[in-house]
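In: Pasting the sequence and the predicted model now:
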Number of protein chains: 2
Amino acid sequence: MNDFEKEMKHMSQIIDNELINYLPQKDTLPLKLYNAMTYSVLSGGKRLRPILVMKSAEFFGLSYEKVIPTACGIEMIHSYSLIHDDLPAMDNDDLRRGKPTCHKKFGEAIALLAGDALLTHAFCAIASNYGIDGILPEAVIDIVREISIAAGGCGMVGGQTADIDTVGKDIDIDTLFYISTHKTGALISVATWAGARLAGASPRDLSLFKDLGDKIGLVFQIVDDILDVKGDESILGKPIGSDLRNHKNTFVSILGLEESLRLVNKLSNEAKDLISDYPNNEFFMNLIEFIANRDH
Amino acid sequence: MNDFEKEMKHMSQIIDNELINYLPQKDTLPLKLYNAMTYSVLSGGKRLRPILVMKSAEFFGLSYEKVIPTACGIEMIHSYSLIHDDLPAMDNDDLRRGKPTCHKKFGEAIALLAGDALLTHAFCAIASNYGIDGILPEAVIDIVREISIAAGGCGMVGGQTADIDTVGKDIDIDTLFYISTHKTGALISVATWAGARLAGASPRDLSLFKDLGDKIGLVFQIVDDILDVKGDESILGKPIGSDLRNHKNTFVSILGLEESLRLVNKLSNEAKDLISDYPNNEFFMNLIEFIANRDH
C-alpha cells in the first residue's frame, strides 16, 4: 500500500467512525428502521464522496475535521440512493457488496423507509455543519441548496429516471452522458465543490472545483463500465458482465472498450490540468490517477 | 363560506400557485419525472402545513409572503410522503383524493423516484428562503435541521414505520400516540414552529408554538380517525370505514368514539389556552375550531 492508498484508507476509516455521530441516536427511532439505516450506511464502501468533501476543504486551507458533518450527510445520500436503486421496482438487486441488499434483509417497506430516512437525515447532518468555528451560515445554506439540486430531479434522481427508462433500449451517446453525469456524476461533483465552498474558496476556485468534480465523476463512471467488462472478479468483489446481462447501456457498449479507455485518459488529463498550477495538488493528482486506473 | 373559510381558501390558492415556482423547472429534468412530481404535488389538498407556516410567520409580525419558499418545501415533503405511503410495498392504495395514485398513473419506479425528488427538492425550496429581506441565515439553517428531524426517522418516517409494523396487531394507547404524533403530528408541528422561527419569535414563543403545533397535529389525526367512522362520504370525498377494513389501529378503535371526541375537545381547548393571551390570535383560534369540527 503506497502513501496515497494509506491516506485513502485513513480518510475512509474516519468516515466509518464518524457516520454514527451524525445519524439519529438509536433510541430516538424504531429499532428496525435504525437497523436498516445503519446496515446500509455503515457497511463500508470507498467513501469517495465524503473524502472529496474533506479533501477539497483541506485544499483551500480548512481542516477536514470541520466539514465532517457535510461529508457524512453526502454519504447518507449516496447510501439512500443505493437502497432505493436496489428495490424490486428499480434494479431488483439481491446483493450489494457481497451482502443481501437492504430490502432482502429487512423487507421492501422498511428498505424504502430507511432510504427515505437517510435522505432526510442527510440534511440534518449538513445543517449541523453550522456552528463549527470558521464555517459561515451563508456557506451552509449554499451547500444545502446545491446538494439538494445535485441529488434531486435535476441531478441524481433525474439520471436514475433516465437510466431505468432506457434499459434495453438503444440510446445515443448524449443520453448516456446525461445519465452518467446525473446519476453518478452530480453527487461526486457537488461533494468536490461543497468542501471548497465551506472553506470559503473564491468564485473562480469554486467554478474550477465544480469542473474538477464533473470530470472525476465522469471518469469514475466510465471506469465502472470498463471494470464490468475487463475487471477481475476476485478483486472487484462482484461478478463481471452484469451490465451486459441486464441490457444496460454503458460507455463500453456504446463507444467500445478502446474509445472508453481513451476517454478516461483524456478526461483525467483534463482534470489534472485544472489543478496543475496549485502547489498543494498532490492528493487530487493521485486521486485522479487512482480513479482512472482503479481495479475495484 | 365564512370569513375564516374564505381566508383558508385564499391561502391554499396562494400555495397552489406558488408551488410551481419552487419546483425544478420543467426543462431541467426528465419529463416523466416532472409530470409525476407535479401530478402529485399540484393535485390540491387542504394545504394545511404550508398555511401553518405562513400564518405562524404572520402571527409574529412577518409577512406570510416571506416564508412561501419554506411553506412550499414543507408541502413537497407532505406530498412525497403520500406518494411513498401509497406504494404497493406500503399501504398499496389505488386512489388518492379520487384520482389514481402516483404509481397507478406512472408506475412504481417513477412514483418512487418522484417521491425521492420531491423530498430532496424540498430542501432546495427551504434553503431558498435565505436572501429574502428580514430572514436571518441562522434561522434558515435551524429550520432545515428541525424540518429534517421532524420528517425523518425520529419523526414522520419513524411514525410510518411503526404504523405499517403494527397493522392488524393489538397495540396500546402509548404506541398509538407515538404513531400519530410522529407520522402526522411531527410535520404539522414543525410547520407551525418554522414560520415563527423565520419571523424571529422569542425562545418562549417558539416553545409555545411547538406545543401548539403538537396539539393541532394530534387533533387533526384524531378527527381523521373519527371521520373514517362517522364522516359523510359525499363531503369527505372518499369511502368511510377503510381503517376498519384495513385493520388499522385508530383512536376510535382503541379509545372508542366517545372518548376520542372527548380527547379532541380537551386538546383543542388546551391549544386555544396556549394562545389566549395573544391579541392577534383570531386565525389560530378559528383554525383549531375548524380542525376539531371539520367534516372533511
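Out: It's in.

In: residues in the stretch 151-296 of chain A within reach of chain B, list them.
Out: A:A151, A:G152, A:G153, A:C154, A:V157, A:G158, A:Q160, A:T161, A:A162, A:I164, A:D165 (Cβ under 8 Å from any Cβ of the partner chain). To be clear about C-beta, it is placed using only N, CA and C from the backbone, and glycine gets the same treatment.

In: Tell me the most packed of these, by neighbour count.
Out: A:V157 (33 neighbours; other Cβ atoms under 10 Å in any protein chain shown).

In: burial count for A:F177?
Out: 15.

In: in which helix or strand would I find it?
Out: Counting by DSSP states H and E, the element that carries A:F177 is helix A:173-179.

In: Which residues in that helix does the neighbour count mark as buried?
Out: Buried residues in helix A:173-179, counting neighbours by 16 or more other Cβ atoms under 10 Å in any protein chain shown, are found at A:T175, A:L176, A:Y178, A:I179.

In: ok, the first one - contacts?
Out: Residues near A:T175 by Cβ atoms under 8 Å, 6 or more residues apart in numbering or on different chains: A:A162, A:T166, A:N249.

In: The second one against A:T250, yeah?
Out: No - the criterion here is Cβ atoms under 8 Å, and A:T166 misses it with A:T250 at 11.4 Å.

In: Those two: who's more crowded?
Out: Per other Cβ under 10 Å, whichever of A:T166 and A:T250 has more neighbours is A:T250, with 20 against 17.

In: if we can go back for a sec, render the CA-only coordinates of the helix or strand that the helix holding A:F177 is followed by in CSV, please.
Out: Downstream of helix A:173-179, the first helix or strand assigned by DSSP H and E is helix A:186-198. The C-alpha coordinates for helix A:186-198 follow below in CSV (Å, rounded to 0.1, in the frame of the first residue of the first chain):
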residue,chain,number,x,y,z
ALA,A,186,-23.8,15.0,-9.9
LEU,A,187,-23.2,13.9,-6.3
ILE,A,188,-19.5,13.4,-6.8
SER,A,189,-19.2,16.8,-8.4
VAL,A,190,-21.2,18.6,-5.6
ALA,A,191,-19.1,16.8,-3.0
THR,A,192,-15.9,18.2,-4.6
TRP,A,193,-17.5,21.6,-4.7
ALA,A,194,-19.0,21.6,-1.2
GLY,A,195,-15.7,21.3,0.7
ALA,A,196,-14.3,24.2,-1.3
ARG,A,197,-17.5,26.2,-0.6
LEU,A,198,-17.3,25.6,3.1
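
In: Can you name the element that comes right after helix A:186-198?
Out: Note on helix A:186-198: by DSSP H and E, the next helix or strand toward the C-terminus is helix A:203-230.

In: what packs against that next one?
Out: helix A:48-59, helix A:186-198, helix A:242-245, helix A:251-255, helix A:257-275, helix A:282-293 (3 or more Cβ pairs under 8 Å, 6 or more residues apart in numbering or on different chains; DSSP states H and E).

In: And the third one, what's buried?
Out: Residues of helix A:242-245 classed as buried by neighbour count (16+ other Cβ under 10 Å): A:D243.

In: what does the last one give?
Out: Across helix A:282-293, burial judged by 16+ other Cβ under 10 Å covers A:F283, A:F284, A:M285, A:N286, A:L287, A:I288, A:F290, A:I291, A:A292.

In: okay, now A:E7: neighbour count?
Out: The number of residues near A:E7, taken as other Cβ under 10 Å, comes to 17.

In: A:T192: what's its closest spatial neighbour, skipping adjacent residues?
Out: With Cβ to Cβ, 6 or more residues apart in numbering or on different chains as the criterion, A:T192 has its nearest non-adjacent residue at 3.0 Å, and that residue is A:G213.

In: Okay, and which of the residues of the stretch 151-296 of chain A next to chain B map to helices?
Out: A:A151, A:V157, A:G158, A:Q160, A:T161, A:A162, A:I164, A:D165 (DSSP state H).

In: Let me know the closest of the contacts of A:T175 to chain B.
Out: Nearest to chain B among the contacts of A:T175 is A:A162, at 5.4 Å by Cβ to the nearest Cβ.

In: measure the closest residue to that closest one other than its chain neighbours to B:S242 for me?
Out: In space, A:A162 comes closest to A:I179 once its chain neighbours are excluded; the distance is 4.9 Å by Cβ to Cβ, 6+ apart. If you measure A:I179 against B:S242 using Cβ to Cβ, to the nearest Å, the figure is 40 Å.

In: One more: A:A139?
Out: For A:A139, the distance to B:S242 (Cβ to Cβ) stands at 48 Å.

In: still on that earlier bit, same list (the ones in helices among the residues of the stretch 151-296 of chain A next to chain B) but as CSV, adding pLDDT.
Out: CSV is the format used below for those (pLDDT from 0 to 100):
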residue, pLDDT
A:A151, 98
A:V157, 98
A:G158, 98
A:Q160, 97
A:T161, 98
A:A162, 97
A:I164, 94
A:D165, 93
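
In: Show me the contact partners of the worst-scoring helix or strand of chain A on mean pLDDT.
Out: None of the helices or strands of chain A scores lower by mean pLDDT, DSSP states H and E than helix A:233-236, at a mean of 72. Applying Cβ under 8 Å, 6+ apart, the contact partners of helix A:233-236 are A:L227, A:P239, A:I240, A:D295, A:H296.

In: Off-centre distance for that helix?
Out: Distance, stretch centre to chain centre, for helix A:233-236: 20 Å (Cα atoms, centre = their mean, to the nearest Å).

In: so A:K169 sits in a strand?
Out: No - going by DSSP: H, G, I helix; E, B strand; the rest coil, the assignment for A:K169 is coil, not a strand.

In: List the contacts of it.
Out: A:K169 makes contact with A:N249 under the criterion Cβ under 8 Å, 6+ apart.

In: Per-residue pLDDT of it, please?
Out: Here the pLDDT value assigned to A:K169 is 93.

In: Which phi and psi values does it adopt?
Out: phi -110, psi 150 (degrees, to the nearest 10).

In: roughly how far apart are it and B:D295?
Out: For A:K169, the distance to B:D295 (Cβ to Cβ) stands at 50 Å.
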